[in-house]
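Q: need a structure here:
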Amino acid sequence: MLGAVSFDPTSSKFELAVFGGEPNKTYYLYANGSATTGTLIGQITTDADGNASFELTFNADMPTLEDGSQLVLADE
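A: Reported below is the predicted structural model:
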């Protein structure tokens with residue numbers, strides 16, 4: 001699976017796209033850690049071709065993303 005991520009700190013807009021994943025599978029996106037230690041910020045489900053996109057605007061209730069923040073895409 002391949003992916004692309006963009007984050008605009010000015011607008012707090014986050015975008016994720018994945019390609020070639022398992023078809024019709026849901027993945028969970030965690031910030032600042034793994035499924036065990038991170039904060040769940042969303043989920044993304046691939047289409048029949050294994051592709052998906054996700055867009056999110058961060059607000060005050062969400063974890064802070066900064067230079068060096070870790071994002072994890074997990075299937076659990």
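Q: buried stuff in the helix or strand F7 falls within?
A: Assessed by DSSP states H and E, F7 sits inside strand 2-8. For strand 2-8, a neighbour-count test (16 or more other CB atoms under 10 Å) marks G3, F7 as buried. To be clear about C-beta, it is placed using only N, CA and C from the backbone, and glycine gets the same treatment.
Q: list the buried residues of the host helix or strand of Y27.
A: Counting by DSSP H and E, the element that carries Y27 is strand 26-31. By neighbour count with 16+ other CB under 10 Å, strand 26-31 contains the buried residues Y27, Y28, L29, Y30, A31.
Q: same check on stretch 69-76?
A: L71, V72, L73.
Q: likewise stretch 48-55?
A: A52, F54.
Q: ok, residues contacting stretch 9-24?
A: When contacts are defined by CB atoms under 8 Å, 6 or more residues apart in numbering, stretch 9-24 is touched by residues 1-7, 27, 29, 44-59, 65, 71, 73.
Q: which parts of the chain are strands?
A: Here the chain has its strands, by DSSP state E, at 2-8, 13-19, 26-31, 39-45, 52-57, 71-74.
Q: mind putting these in a markdown table, mean pLDDT included?
A: Shown next, in a markdown table, are the strands of the chain (pLDDT from 0 to 100):
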| stretch | mean pLDDT |
| --- | --- |
| strand 2-8 | 89 |
| strand 13-19 | 93 |
| strand 26-31 | 93 |
| strand 39-45 | 92 |
| strand 52-57 | 92 |
| strand 71-74 | 90 |
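Q: so what's the most far-flung residue of the chain relative to its centre up against?
A: Distance to the chain centre peaks in the chain at A48, reaching 19.2 Å (criterion: CA atoms, centre = their mean). A48 is in contact with P23, N24, counting by CB under 8 Å, 6+ apart.
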